[in-house]
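*Asks:* model this:
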Amino acid sequence: MLSWVVTFLIIALIAGILGFGGLAGASIEIAKIIFFIAVVLFLVSAIVGLARGRTRI
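*Replies:* Have a look, this model is predicted:
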């Protein structure tokens, strides 16, 4: 997922340099959404991993 974020950021940079403001803005918004989804999924998997990893003695 983070590779998608980098891809959209590169598209946004190229579009911004070439003067396509609408496309650059849309690419930045998509990159932000995918980044936050990746962060949330990471946190959920970390919490689940910690909860499942505990053994009671």
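*Asks:* only C-alpha atoms for contact and neighbour calcs from this point on.
*Replies:* Noted.
*Asks:* what's near enough to touch the spatially most central residue of the chain?
*Replies:* Central residue of the chain (CA atoms, centre = their mean): F35, 1.6 Å from the mean position. Residues near F35 by CA atoms under 8 Å, 6 or more residues apart in numbering: 1-2, 5.
*Asks:* Out of the residues you listed, which sit inside helices?
*Replies:* Within the contacts of F35, residues falling in helices by DSSP state H are 2, 5.
*Asks:* Rebuild the contacts of F35 as TSV, extending it with neighbour count and pLDDT.
*Replies:* Output for the contacts of F35, formatted as TSV (neighbours: other CA atoms under 10 Å; pLDDT from 0 to 100):
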residue	neighbour count	pLDDT
M1	12	72
L2	14	76
V5	20	83
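*Asks:* and which of the contacts of F35 is nearest R52?
*Replies:* M1 (24.4 Å; CA to CA).
*Asks:* if you skip the residues just before and after it, what's nearest to that closest one?
*Replies:* A38 (6.4 Å; CA to CA, 6 or more residues apart in numbering).
*Asks:* Can you report how many residues neighbour that neighbour?
*Replies:* Neighbours of A38 under the rule other CA atoms under 10 Å: 15.
*Asks:* hey, C-alpha coordinates of the worst-scoring helix or strand of the chain on mean pLDDT in CSV?
*Replies:* Lowest mean confidence among the helices and strands of the chain (mean pLDDT, DSSP states H and E): helix 2-18, at a mean of 86. Extracted C-alpha coordinates of helix 2-18, given in CSV (Å, rounded to 0.1, in the frame of the first residue of the first chain):
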residue,chain,number,x,y,z
LEU,A,2,2.8,2.4,0.7
SER,A,3,4.2,1.9,-2.8
TRP,A,4,0.8,3.2,-4.0
VAL,A,5,1.3,6.3,-1.9
VAL,A,6,4.7,6.9,-3.4
THR,A,7,3.3,6.4,-6.9
PHE,A,8,0.5,8.9,-6.4
LEU,A,9,2.9,11.4,-4.9
ILE,A,10,5.2,11.1,-7.9
ILE,A,11,2.2,11.6,-10.2
ALA,A,12,1.2,14.6,-8.2
LEU,A,13,4.7,16.1,-8.4
ILE,A,14,4.9,15.6,-12.1
ALA,A,15,1.4,17.0,-12.7
GLY,A,16,2.2,20.0,-10.5
ILE,A,17,5.3,20.7,-12.5
LEU,A,18,3.5,20.5,-15.8
